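K.L.:
Okay, predicted coordinates and the sequence, questions at the end:
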Amino acid sequence: MGKAQKYVLLGDATYPLQDWILKPYQEDENLTQRQLHFNYRLKRAHSVIENAFLRLKARWQILLKCDDCSLELLPTLVLACCILHNICEAHDNPFNQEWLEGTEPTELPKPCQPAPAAMEDGRAEQVRELMCQYFESCGEG
């Protein structure tokens with residue numbers, strides 16, 4: 001769209017809109033088709049991420065038991081599992097679908113209430129609008 005953008009994290013409605021957290025438009029009857037399409041694309045991207053983490057936890061089941069390790073160790077543990085996964089893929093040791101048996105997708109705890117509007121960054125709406133335009137220009141998918 002002619003403007004360089006930095007990376008953003010995907011969030012849901014409970015997160016404040018920031019220029020680094022992309023969240024959907026609030027669902028109501030006033031949403032335009034373009035905004036509905038944006039929300040749909042964001043939801044699809046979020047499901048890809050959830051599926052990737054489900055597969056990572058299925059292959060490296062130590063990630064299912066992370067409640068017994070320190071929070072300081074957790075990022076290193078996840079990174080190590082990602083690196084090992086990539087090594088396995090590079091050496092034609094593909095993911096086995098049977099590993100998914102017994103691995104249930106888990107909902108991570110998150111706030112029940114949407115973030116207060118005061119926490120939102122006004123500039124972030126420009127980022128979301130730019131992404132909305134980009135999704136619109138990409139067509140279906």
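P.N.:
Cool, the structure landed. Numbering: from 1, shown residues only.
K.L.:
Count the residues that sit near residue 97.
P.N.:
Using other Cβ atoms under 10 Å, the number of residues around residue 97 comes to 9. C-beta: built from backbone N, CA, C; applies to glycine.
K.L.:
in this protein, which spans are strands?
P.N.:
9-10, 21-22 (DSSP state E).
K.L.:
Can you say which of those is packed in most?
P.N.:
strand 21-22 (a mean of 20; mean count of other Cβ atoms under 10 Å).
K.L.:
nearest residue to residue 55 other than its sequence neighbours?
P.N.:
Computed as Cβ to Cβ, 6 or more residues apart in numbering, the closest residue to residue 55 that is not its neighbour in sequence is residue 95, at 5.8 Å.
K.L.:
residues near the one you found, how many?
P.N.:
14.
K.L.:
For residue 73, see how far away it is.
P.N.:
Residue 95 sits at a distance of 25 Å from residue 73 (criterion: Cβ to Cβ, to the nearest Å).
K.L.:
What of residue 119?
P.N.:
Look at residue 119 and residue 73: by Cβ to Cβ, they are 30 Å apart.
K.L.:
In the protein, spot the helix with the most residues.
P.N.:
Across the chain, the longest stretch assigned as helix under DSSP state H is helix 33-59.
K.L.:
Could I get the full set of helices for this protein?
P.N.:
Going by DSSP H, the chain shows helices at 33-59, 74-90, 124-138.
K.L.:
Dump those to CSV, plus mean neighbour count and mean pLDDT.
P.N.:
Below are these laid out as CSV (neighbours: other Cβ atoms under 10 Å; pLDDT from 0 to 100):
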stretch, mean neighbour count, mean pLDDT
helix 33-59, 15, 89
helix 74-90, 12, 91
helix 124-138, 15, 86
